[in-house]
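[1] this one's sequence-less:
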C-alpha cells in the first residue's frame, strides 16, 4: 500500500522545517509495527500553497497515485487543504483522503459533514490511530474502519462520528521521527523542529494548547538522543516547539546544559514565558553557542493580561530581557498580539514601544485570531468580540475595548511594522521617533497616497521595480518630514537607500532561508556579525593566495547588480544621527546573490574591474583567459594578480563555484 503524507502550507520566512513534525511522528509510529513496515511504502511531500494553486498541488498529488493521502491541518492551512482535497476528488482521485491535526480535530464532525472530498478525520492524538488505520486497510481493505478510537469516516453511505482519542501519557512509547529516519533535518533550510514536551500547563484564553491537551514530557534521555542526532547531522538550527520551554525551570536548564556541554554548533531556539526566566537560565544561555529566545509578551496592559489569563510584570522583567538582548550569542524575539480584549489602540502601541525599548532582534506582532476550542471562542458575547469568520482566518474585527476603526489602524500598524522594523529601530535612535507613532503616521500616509493596498506585495520576496521605486520615494519624503519636525538633520537620503538596499537584498533570499542569515533584512540588528557584505574593490583585496589561474569558475545562481548613493556597509550600524548625516555621498556598486547553502540574500561590493571579471566567469573560459581579456581592456590594472584575488573572494563567499 502506498501512503503519501502531505505538508501543504506557505513556506514562511521564519520556518525551520517545511515537512510537518506531526506527520513525521505518525509515520515513525506506524512503521514500528512489522506489518506496516513490510507492506506500506511512505513518501512525505511539501507543497508551498503560497507559490502553487490548489489545482497545481492536487495535480502533483494525483500523479503520485497513493492509496491513502494524509494531510496535517492547522489554522493557517486548513482552507488551502480543503480546496486541494476538493480539486483532487473532482479530478477522479480514487485513493482515500485523511485529515488530522489540531484544526480539524477540534471540529471533526463539522469538517467531515461539510466536506465530501474528505474521507476520514483523525480526532485527537494521531500516532496510534494512524497505525491502527493502516493495519485495518492492510487486513480488511473493503470493510469500514469501525472501532478505531478517534477515527471519523465516510465510507460508502455510512458516516461515522466519534469522540477524539485520548492522549498517550508515556511519550517515550512514541518512536522519534528523527531517530527512526521518518524525518531528517530540512534539506534546504538545514534545520528542524522537535519537541521535549506536549501540551501546556497554562490556560491562556486565546490559545488552544493548555485546555485541550494535557502536559506530558519526553524523558531527558530521549531528548539527549535527539540533540545528539541533530549535532551529528550538523543542523544549522533546531527549534523546540514546546509551548513553554521553561515551565519547569530546572528541567529547562538541564536541557540547556546538555546543548552547551555537547558543543552544538547550530542555533537552539525556544519559546519561553517571561516571568519564568531566572538567573540560572540567563547564565546557561551564555554557554550555548547561539540561541533564539521567543518570548510571549502578547500585551503589557494589566487589564488585557487578566482577560486572557496570562499575567506577568513588565517592570520586573525589563532587566532580564535587556540582559538577554545584549548578549552576543542570544537572539531575542518578542511576540505581541494586537486586538486582545481589554486592550485598545493606545495600549497596544504602548506595548509595541515597550518592546522596541528592550532592543530585541525581532518583534512578531500579529492580529488576534479566535482559535477553535479556546475560551475566547466561548467568550464572544462576554467580550463583545466580532471576527472575520473562517473565510478571513477568524481574525479580530472588534471587541468591547477595541473599536472596529481602531482594529483597522492596529492591523495597518502590524502590517507596516513587519516591513519597516529594521528602519524604525534605527530612526528611534537617530531622530528620536516613537516607533508606534511613526508607524501609525506612515500607515495613514500610505493610505492617503495609495500604498496601503500594496503592503501585501511589499512583503513578498520580489517587489516590482515600479512599486519599489514608488514606495522608497514616498517613504523617503515621509522620513524627511519627520526629521524636519524634530529639528534633526535630514537623514532621508541615507534611510531611503537603506530601505531600498534591504528590499533588493531580500528579493534574493529564499523564503524559509535560515533565520540567522537574514537578520539584516527583517530584524532589528545593527551588528556586522549578522550583516555579511564582502568587498572585491581594489583597495579591499587580499593578496593572491595561489588560486589556480587555469580554474574555470561559474556563478552559483542569478546575480543582481545595483548602485546606491552611499556605502551601505559604512552606515548599516550607525545609530548616531550626526554621524549618519555626515556620511559622504559615495556611489557604491553591489552585486547581490543567493547564498548556495543557506538561501539567504548576500551582497558584494564591486568596482568596474571586479564586475567585469564576474561577468566573464561563466564556466567557459579559464580564469587566466578572462584576466588576459581584461588586461587588454583595462591596461592600467594588474589584471592577473587582481583577478586571482577577486576570484578567491568570490569563491569564498559563494558567488562563484568551480565549474
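    On my side now, so go ahead. Everything quoted here is computed from the prediction, not taken from an experiment. Residues are numbered from 1 along each chain as shown.

[2] how's the protein carved up into domains?
    Domain segmentation of the chain under automatic domain parsing yields 2-160, 515-658.

[3] as a whole number, average confidence for the longest one?
    Over the span of domain 2-160, the pLDDT mean works out to 94.

[4] report the distance from it to the chain centre.
    Chain-centre distance of domain 2-160: 24 Å, with CA atoms, centre = their mean, to the nearest Å.

[5] now the nearest residue to residue 567 once chain neighbours are set aside. Its backbone dihedrals?
    Nearest residue to residue 567 in three dimensions, chain neighbours excluded: residue 588, at 4.6 Å (CB to CB, 6 or more residues apart in numbering). To be clear about C-beta, it is placed using only N, CA and C from the backbone, and glycine gets the same treatment. The phi/psi pair for residue 588 (degrees, to the nearest 10) reads phi -130, psi 130.

[6] run through the residues that contact residue 588.
    563-564, 566-568, 605 (CB atoms under 8 Å, 6 or more residues apart in numbering).

[7] hey, which of the domains of the chain is tucked in deepest?
    domain 2-160 (a mean of 19; mean count of other CB atoms under 10 Å).

[8] got the end-to-end distance for that one?
    End-to-end distance for domain 2-160: 24 Å, by CA to CA, to the nearest Å.

[9] other residues contacting stretch 531-551?
    Contacts for stretch 531-551 (CB under 8 Å, 6+ apart): 517, 519-520, 525, 568-569, 572-573, 602-607, 609-610, 614, 622-624, 627, 637, 640-642, 644-653, 658.

[10] one more pass at 6 Å, please.
    The contact list for stretch 531-551, computed with CB atoms under 6 Å, 6 or more residues apart in numbering, reads 520, 569, 572, 603-607, 610, 622-624, 641, 644-649, 653.

[11] check stretch 38-46 too.
    Stretch 38-46 has contacts (CB under 6 Å, 6+ apart) with 1-7, 18-19, 27, 134, 138.

[12] can you check stretch 97-109 too?
    Here stretch 97-109 makes contact (CB under 6 Å, 6+ apart) with 69-75, 78, 85, 111, 118-123, 126, 152, 161, 372-373.

[13] show me those residues that map onto strands.
    69-72, 120-122, 152 (DSSP state E).

[14] could you dump those residues into a markdown table with distance to residue 191 added?
    Output for the ones in strands among the contacts of stretch 97-109, formatted as a markdown table (distance: CB to CB, whole Å):
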| residue | distance to residue 191 |
| --- | --- |
| 69 | 26 |
| 70 | 24 |
| 71 | 23 |
| 72 | 18 |
| 120 | 32 |
| 121 | 30 |
| 122 | 27 |
| 152 | 34 |
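
[15] nearest to residue 287 among the residues you listed?
    residue 72 (35.2 Å; CB to CB).

[16] check contacts around the closest one.
    20, 22-23, 101.

[17] tell me the two of these that are most distant?
    Maximum distance among the contacts of residue 72 (CB to CB): 8.9 Å, for 23 and 101.

[18] where exactly do the helices run in the stretch 51-200 of the chain?
    For the stretch 51-200 of the chain, helices defined by DSSP state H, counting those that start in this stretch occupy the ranges 54-64, 78-90, 102-106, 108-114, 127-139.

[19] and of those helices, who's closest to residue 555?
    Of all those, helix 54-64 sits nearest to residue 555, with 29.2 Å by CB to CB.

[20] for residue 395, which of the domains of the chain is the nearest?
    Closest among the domains of the chain, using CB to CB: domain 2-160, at 10.5 Å.

[21] residue ranges in the protein under the pLDDT threshold?
    By pLDDT under 70, the low-scoring segments of the chain are 13, 210-212, 512, 514-516.

[22] select the longest helix from it.
    helix 404-430 (DSSP state H).

[23] could you list the buried residues of it?
    Under the neighbour-count criterion of 16 or more other CB atoms under 10 Å, helix 404-430 has 406-407, 409-428, 430 buried.

[24] do stretch 459-479 as well
    463, 468, 471-472, 474-476, 478-479.

[25] what about the strands in the stretch 551-659 of the chain?
    553-555, 560-564, 588-594, 601-606, 656-658 (DSSP state E, counting those that start in this stretch).

[26] check the gap between residue 27 and residue 243 for me.
    Distance of residue 27 to residue 243, given as CB to CB, to the nearest Å: 23 Å.

[27] where's the residue nearest to residue 567 relative to residue 561, distance?
    Counting by CB to CB, the gap from residue 588 to residue 561 is 12 Å.

[28] same thing with residue 66?
    Residue 66 sits at a distance of 45 Å from residue 561 (criterion: CB to CB).

[29] next one: residue 151
    In this view, residue 151 and residue 561 are 57 Å apart by CB to CB.

[30] next one: residue 421
    Counting by CB to CB - residue 421 and residue 561 are separated by 27 Å.

[31] same deal with residue 604?
    10 Å.

[32] overlap in contacts of those two?
    What both residue 604 and residue 561 touch, as defined by CB under 6 Å, 6+ apart, is the set residue 591.

[33] how about the contacts made by residue 571?
    The contact partners of residue 571, taken as CB under 6 Å, 6+ apart, are 494, 583.

[34] what about 8 Å?
    Counted by CB under 8 Å, 6+ apart, residue 571 has contacts 494, 498, 580, 583.

[35] how about these, which pair is most distant?
    Largest pairwise distance in those, by CB to CB, is 10.6 Å, between 498 and 583.

[36] on that earlier part again, nearest to residue 324, of the domains of the chain?
    Nearest of the domains of the chain (CB to CB): domain 515-658, 14.0 Å.

[37] and that closest one, how far from the chain's centre?
    For domain 515-658, the distance to the chain centre is 28 Å (CA atoms, centre = their mean).

[38] same deal with stretch 386-405?
    25 Å.

[39] over to stretch 348-356?
    Offset of stretch 348-356 from its chain centre (CA atoms, centre = their mean): 22 Å.

[40] and stretch 202-214, by the same measure?
    23 Å.

[41] residues making contact with it?
    Stretch 202-214 is contacted from outside by 102, 106, 125, 167, 169, 198-201, 243-244, 247, 273, 298, 307-310, 337, 340, 368-376, 379, using CB under 8 Å, 6+ apart.

[42] same check, this time on stretch 299-306
    By CB under 8 Å, 6+ apart, stretch 299-306 touches 298, 308, 310-312, 314, 336-337, 340-343, 347-348, 350-351, 354-355, 401.

[43] quick one, what contacts the residue lying closest to residue 446 once chain neighbours are set aside?
    Leaving aside its sequence neighbours, residue 446 sits nearest to residue 452 (CB to CB, 6+ apart; 4.7 Å). Going by CB under 8 Å, 6+ apart, residue 452 touches 412, 443, 446.

[44] name the nearest of those relative to residue 434.
    residue 443 (14.0 Å).

[45] the closest one belongs to a helix?
    Yes - with DSSP: H, G, I helix; E, B strand; the rest coil as the criterion, residue 443 is located in a helix.

[46] ok, it touching residue 416?
    Yes - with contacts defined as CB atoms under 8 Å, residue 443 counts as touching residue 416 at a distance of 5.2 Å.

[47] in the stretch 401-550 of the chain, which spans are strands?
    533-535.

[48] and what of the stretch 201-350 of the chain?
    Under DSSP E, counting those that start in this stretch, the stretch 201-350 of the chain gives strands at 216-217, 237-240, 267-272, 291-298, 330-338.

[49] which other helices and strands contact the first one?
    It stands for strand 216-217. Applying 3 or more CB pairs under 8 Å, 6 or more residues apart in numbering; DSSP states H and E, we find strand 216-217 packed against strand 197-198.

[50] direction included, what does the strand it packs on pair against?
    Sheet pairing for strand 197-198, assigned by DSSP bridges, gives strand 216-217 (antiparallel).
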